[in-house]
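Engineer: fold the stuff below for me.
(chains A and B)
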Amino acid sequence: QQQVKQSPQSLIVQKGGISIINCAYENTAFDYFPWYQQFPGKGPALLIAIRPDVSEKKEGRFTISFNKSAKQFSLHIMDSQPGDSATYFCAASKPGTSGSRLTFGEGTQLTVNP
Amino acid sequence: KAGVTQTPRYLIKTRGQQVTLSCSPISGHRSVSWYQQTPGQGLQFLFEYFSETQRNKGNFPGRFSGRQFSNSRSEMNVSTLELGDSALYLCASSLLSSGANVLTFGAGSRLTVL
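Structural biologist: As a prediction, the model looks like this:
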């Protein structure tokens, strides 16, 4: 059962544009929502994360928007750069006995054209 | 500070064989998680070990097993390999075992089953 759905599957943006990736989750027990960035030949790396008690979190050009009632969250990349070209994964985890287990979305391959 | 080291990086096996993959976590990290990454299924959680104990297990058959040693290094084993086991196997370490932990991933071990 896919508990975190991510869209779009691929995204092409011009340099300087805004990249938006969306995720929706089903399990209301999730309480931590990170985004990971993966370059070819590398493992995923944490980009930014949010908890459901805030609606937005910004770190540099990266912003997470969170809508708890809709069970949706999104990543916005402002002033997108060619170096941002990578695969982005949203994820979610539960507290307690689930440990560090992350449930990932399907991934979005972002291409930023120069 | 050394990152997460996975060995081997690439390997080719034939159906029916078994394979053992190794992961050395970041020094001081006590939790090690394993994920399988495939184009069709994305990133799927295999299991997590914390202080030599399996903390959590994903929905994979019993052919997939793992262990953690007293120095936090971890191994995973896949027995009776099937073609569908071809994937990138990612190891991630974290300081503790909790949902809000930052996972640091290694570059992965790419397994090809012929």
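Engineer: please make it C-alpha for all contacts and neighbour counts, starting now.
Structural biologist: Fine.
Engineer: in chain A, which spans are strands?
Structural biologist: If you assign secondary structure with DSSP state E, the strands in chain A sit at A:4-7, A:10-14, A:19-25, A:33-38, A:45-50, A:56-59, A:62-67, A:72-77, A:86-92, A:103-104, A:108-113.
Engineer: so, low pLDDT: which residues of chain B?
Structural biologist: Counting by pLDDT under 70, chain B shows low-confidence ranges at B:1, B:99.
Engineer: residues from it in reach of chain A?
Structural biologist: The interface of chain B toward chain A, taken as Cα under 8 Å from any Cα of the partner chain, is made up of B:33, B:41-45, B:47-48, B:55-56, B:90, B:96-108.
Engineer: and the most centrally placed residue in chain B, bridged to which residues?
Structural biologist: With the centre of chain B defined as its mean C-alpha position, the nearest residue by Cα atoms, centre = their mean is B:W34, 3.2 Å away. Under DSSP bridges, the beta-bridge partners of B:W34 are B:F47, B:C91.
Engineer: what residues does it make contact with?
Structural biologist: B:45-48, B:89-92 (Cα atoms under 8 Å, 6 or more residues apart in numbering or on different chains).
Engineer: reformat these as a markdown table; add neighbour count.
Structural biologist: Putting the contacts of B:W34 into a markdown table (neighbours: other Cα atoms under 10 Å in any protein chain shown) gives the following:
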| residue | neighbour count |
| --- | --- |
| B:F45 | 22 |
| B:L46 | 23 |
| B:F47 | 25 |
| B:E48 | 29 |
| B:Y89 | 25 |
| B:L90 | 27 |
| B:C91 | 32 |
| B:A92 | 30 |
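Engineer: dump the residue contacts of residue 84.
Structural biologist: I went with chain A, as the question did not name one. Counting by Cα under 8 Å, 6+ apart, A:D84 makes contact with A:110-112.
Engineer: switch to chain B, that's the one I care about
Structural biologist: B:V113.
Engineer: next, it: phi, psi?
Structural biologist: Phi and psi for B:G84, reported as degrees, to the nearest 10, are phi -70, psi -10.
Engineer: separation between it and chain A?
Structural biologist: Taking Cα to the nearest Cα, to the nearest Å as the measure, B:G84 falls 18 Å from chain A.
Engineer: show me which residues of chain A are close to chain B?
Structural biologist: Counting by Cα under 8 Å from any Cα, the residues of chain A that sit close to chain B are A:32, A:41-46, A:93-107.
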